[in-house]
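A.B. asks: give me the fold of what follows.
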Amino acid sequence: MAALDLQEQEQLDALKAWWKDNANTLIGVLLVVALAAAGWRGWQYYQKTQAAEAATLYAGFVKQVESGDGKRVNDAAAEVMERYPRTAYAPRAALVAAQVNEQSGDAARASTQLQWVQEHTGESGLKSVATLRLAAILLDEKKYDEALKQLEAKHPAAFDALYADLRGDVLNAAGKRDEARSAYTLAYDKTPESSQYRNLIQMKMDALGVKK
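C.D. replies: Model prediction:
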């Protein structure tokens, strides 16, 4: 029994010695874990608060869009983009504002907003829409090489037809008719048979002497 008590005492002494040597490190690790957990909860709360505030601001932006005043639309979009760039509302505000600017003939401002969407959104669908619209602007400006470069970007399969069709438009405008035919054929093949969009592509193919 005495031997067992001695063994237990030795273990206790060893534990005390280990604690003395490692207590600060262990406490530090536990503190980091606790702070990380608290930080995560705080981040979640911050995210929810940010989203709620951004939603309110975005609702105000929508009202400005309905007003039809380009300056007010751009100012409201800029506020959402600057204050809440990491929310889902910011890229949507930028896309809508870009459309307003395209319609009013301000291609430069629209391009800047579309590029902002490309750089800030994590949603592949929104990024693909921004890329398509930017490529279309570059096509209108006869910047064919830049437009084609945009259309080389990765995108969801659901956008294959749209990308191929616009690529055909750019190539056709650039005088590359053979390549345009191939692009339109791909666009046609990627478009569901039930879609009316196929008819538009078919018209482009007919104009280039491609029959399906």
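
A.B. asks: all contacts plus neighbour counts: C-alpha atoms, from now on.
C.D. replies: Noted.

A.B. asks: the closest residue to Tyr197 other than its chain neighbours: what's it in contact with?
C.D. replies: Ranked by C-alpha to C-alpha, 6 or more residues apart in numbering and with sequence neighbours excluded, the top spatial neighbour of Tyr197 is Thr191, at 7.4 Å. By C-alpha atoms under 8 Å, 6 or more residues apart in numbering, Thr191 lies in contact with Ala161, Tyr197, Arg198.

A.B. asks: quick check: pLDDT value at Thr191.
C.D. replies: In this model, Thr191 is scored at 93, pLDDT.

A.B. asks: of the contacts of Thr191, closest to Lys176?
C.D. replies: Nearest to Lys176 among the contacts of Thr191: Ala161, at 19.0 Å, using C-alpha to C-alpha.

A.B. asks: measure the residue most central in space within the chain to Val100 for me?
C.D. replies: Residue closest to the average C-alpha location in the chain (C-alpha atoms, centre = their mean): Thr121, at 2.5 Å. Per C-alpha to C-alpha, to the nearest Å, Thr121 is found 20 Å from Val100.

A.B. asks: so, low pLDDT: which residues of this protein?
C.D. replies: Along the chain, segments meeting pLDDT under 70 span 1-50, 211-212.

A.B. asks: and if we set it to 50?
C.D. replies: The chain contains residues with pLDDT under 50 at 1-4, 27, 29-40, 42-43, 45-46.

A.B. asks: just say helix, strand or coil for Val210.
C.D. replies: Secondary structure, DSSP: H, G, I helix; E, B strand; the rest coil: Val210 is coil.

A.B. asks: no wait, His155
C.D. replies: Going by three-state DSSP: His155 is coil.

A.B. asks: nearest residue to it in space, ignoring adjacent ones along the chain?
C.D. replies: Ser128 (5.9 Å).

A.B. asks: what is the neighbour count of that neighbour?
C.D. replies: Ser128: 22 surrounding residues under other C-alpha atoms under 10 Å.

A.B. asks: please tell me how far it sits from Tyr197.
C.D. replies: Note on Ser128: its distance to Tyr197, by C-alpha to C-alpha, is 18 Å.

A.B. asks: domain ranges for the protein?
C.D. replies: Domain segmentation of the chain under automatic domain parsing yields 1-122, 143-212.

A.B. asks: okay, those domains, which one's buried deepest?
C.D. replies: domain 143-212 (a mean of 17; mean count of other C-alpha atoms under 10 Å).

A.B. asks: hang on, the earlier thing: now render the contacts of Thr191 as CSV, adding distance to Ala90 and secondary structure.
C.D. replies: CSV is the format used below for those (distance: C-alpha to C-alpha, whole Å; DSSP: H, G, I helix; E, B strand; the rest coil):
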residue, distance to Ala90, secondary structure
Ala161, 27, helix
Tyr197, 30, helix
Arg198, 33, helix
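
A.B. asks: and of those, the nearest to Val62?
C.D. replies: Distance to Val62, by C-alpha to C-alpha, is smallest for Tyr197 among these, at 29.2 Å.
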